[in-house]
Each structure stands twice: as structure tokens, then as C-alpha cells.
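Colleague: No letters, just coordinates:
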């Protein structure tokens, strides 16, 4: 079992995130994984550095997860975001949502990643 | 009049412009988030242009500019987060 919400330097482990799920009454698991894009807007990207206001990012992510969990059919919401250096093609963020029906899971998963991008104090920074 | 001590956290672009990640402010006049921003910019005028793009947070929650600030509060000015930036 893993922490539902985490902002930290540890690599994203999707198998670990999914291993502790309670699948009772669940009809679908929606997963979003964001990776470091290369090339980006025509430019080579070798890696990105993520900086976070970690305590606030975790509390904001917890609030977003609670909002998503209040939606009809949604059972569990997990979200992990990395900080520090992340190489190209490697996951920097992952969201896992379980729900009774697939559209509930997919919609809630989209809600979480969209709100995370809008509200979580996490930045890509230069060297 | 007594003065309050407030800890201001700076991140990403704002941290780079300020050359510091933490600034200790002593406020005795306008005890609001906006008052703290003005005090911060009096010390670091290079931040003044960022007023329109940053979002203030007190004790890890987004707040408005007229929110009162108390002694010991943790204040942060959050630069734009969506999409990030690269040098």
C-alpha cells in the first residue's frame, strides 16, 4: 500500500500505486501518467527540474483528490508528483482513480490532472 | 505600535529574481497580504513587476490580497504554475 498523495523525489511506481487498491464494487481504473516530453516545441529536452512548495502542493493535491472522490461512483484517488531532476521520457506525475463505471473514472482522472496543473505549486525550473 | 514577524517563502521565478528562498519581514503598518507584498518590494524592487501574476498563500492556502496576516504566519507568493517555464 502506498501513500495516496505524494510530492517528492521518489520515482513514480505505477505498479505500487495500483497494488493496494480496494477493487470492491469497482468497474474501472483510470490512470494518467505525465512524462517529460522530448522534443518540446522543436527543442531537444534532456531532462526537467521540478521545484515544489512541497507542503502546500500535498495539501492542495489532497483537496483536489477529495473533490474528485465526492463525485458519483468514484472510490479512490491517488496522485504522485516528482520533484528534482526527471529525465526525458520518464514519468513526472501519475494519477490513479477507481470508480464504479469507466466514465466516472475517466472524468475524475481528467479533473484531478487538470486541477493539479492549475493549482498545485509545482514548477519546471532552469538550472 | 508592535511589529509582527512574517516568514515569506519564494519559489521558482520569484526565488531566482530575489536571490533568496526565504525572507523575514517585520510589518508594523498594513498587516495584510498586500501590505507584506509592498514591504517585500520595498526591500526587493526587482519583484514589483510580478504583482499581477503571483497568487498569495497564507499557511499553505490560497488567499486574497486583503487577507490579514498575523505574527508567525507563513506567507508565500506563488508564481504561475501551469505549464511552468524553462530558461
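Modeller: Okay, I see it. Computed from a prediction, not measured in an experiment: that's the story for all the values here.
Colleague: now check the longest helix along chain A, is it near chain B?
Modeller: In chain A, taking DSSP state H as the definition, the longest helix is helix A:102-119. Yes. Counting by C-beta under 8 Å from any C-beta of the partner chain, chain B is contacted by helix A:102-119 at A:117, A:118, A:119. Heads up, the C-betas are built off the backbone N, CA and C, glycines and all.
Colleague: How far does that helix sit from its chain's centre?
Modeller: Taking the mean of its C-alpha atoms, helix A:102-119 sits 9 Å from the chain's own mean (C-alpha atoms, centre = their mean, to the nearest Å).
Colleague: Would you mind listing the buried residues in it?
Modeller: The neighbour-count check on helix A:102-119 (16 or more other C-beta atoms under 10 Å in any protein chain shown) flags A:104, A:105, A:106, A:107, A:108, A:109, A:111, A:112, A:113, A:115, A:116, A:119 as buried.
Colleague: ditto for stretch B:51-67
Modeller: Buried residues in stretch B:51-67 (16+ other C-beta under 10 Å): B:54, B:55, B:56, B:57, B:58, B:60, B:63, B:67.
Colleague: hey, where'd the strands end up in the chain?
Modeller: I'll assume chain A. Assigned by DSSP state E, the strands in chain A fall at A:5-8, A:28-35, A:47-52, A:74-82, A:84-87, A:91-99, A:122-125.
Colleague: Oops, wrong one, chain B.
Modeller: Going by DSSP E, chain B shows strands at B:4-10, B:22-27, B:55-58, B:61-62, B:74-78.
Colleague: Ok, which of the strands of chain A comes nearest chain B?
Modeller: strand A:122-125 (3.2 Å; C-beta to the nearest C-beta).
Colleague: how about that closest one, does it reach chain B?
Modeller: Yes. Strand A:122-125 lies within reach of chain B by C-beta under 8 Å from any C-beta, at A:122, A:123, A:124, A:125.
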